[in-house]
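Visitor: sequence first, then the predicted structure:
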Amino acid sequence: AAGIAQQVIFTGRVPHAEVQRYYELIDVLAYPRLPIRLTELVTPLKPLEAMAQGRMLVASDVGGHRELIRHGETGFLFRAGDADALAAAIDELLARRQRWPEIRQRARRFVEVERTWATSVARYREVYRRALARCDRSPSI
């Protein structure tokens, strides 16, 4: 990986007030997560932020990412824990640079339509309604 230091920046923790500025500097956000219980169950916010900002996203195929990303349509997925698969996904993304505008548009649209507070409340309302029904309680939601 000769010369990678000139092309990749590992920022560490970024203060919230500076997040927007950092997103403006990003061409591609690589988001590798290992397949553990947490990453299979929890949907992370950083990929959503990147999608909303129109940034290209490469992410491991853990549950939380599969919920957000359609490979080749709203971002690119790779096999979790596999560095070669990550490199291949980045190569694939770079090879499709002419499609970036439509991928960015679809990703942003997904966030705007599917990840609003109203959509989330409706989804969770139904989850809670079913959970309460299992407990033989009448939901008052």
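Guide: In hand now; what should we look at? Numbers count the residues shown, from 1 in each chain.

Visitor: how far away is the residue nearest to residue 81 when sequence neighbours are not counted from residue 53?
Guide: For residue 81, ignoring the flanking residues on the chain, the nearest one in space by C-beta to C-beta, 6 or more residues apart in numbering is residue 34 at 5.4 Å. Quick note: C-beta positions are derived from backbone N, CA and C, even for glycine. Computed as C-beta to C-beta, to the nearest Å, the residue 34 to residue 53 distance reads 25 Å.

Visitor: just residue 7 next, same as before
Guide: 20 Å.

Visitor: repeat for residue 103
Guide: Residue 103 is 13 Å from residue 53, by C-beta to C-beta.

Visitor: more crowded one of the two?
Guide: The neighbour count for residue 103 versus residue 53, taken as other C-beta atoms under 10 Å, is higher for residue 103 (22 against 18).

Visitor: name the element that one belongs to?
Guide: helix 100-114 (DSSP states H and E).

Visitor: that helix: how far from the chain's middle?
Guide: Its chain's average C-alpha position is 12 Å from that of helix 100-114, according to C-alpha atoms, centre = their mean, to the nearest Å.

Visitor: and stretch 51-60, by the same measure?
Guide: 6 Å.

Visitor: pull the residues that contact that stretch.
Guide: 20, 23-24, 26-35, 39, 47, 50, 65, 68-69, 74-81, 86, 89-90, 93, 100, 103-104, 107-108, 110-112 (C-beta atoms under 8 Å, 6 or more residues apart in numbering).

Visitor: which of the residues in the helix or strand where residue 84 lies are buried?
Guide: Take DSSP H and E as the rule and residue 84 turns out to sit in helix 83-95. The neighbour-count check on helix 83-95 (16 or more other C-beta atoms under 10 Å) flags 85-86, 89-90, 93 as buried.
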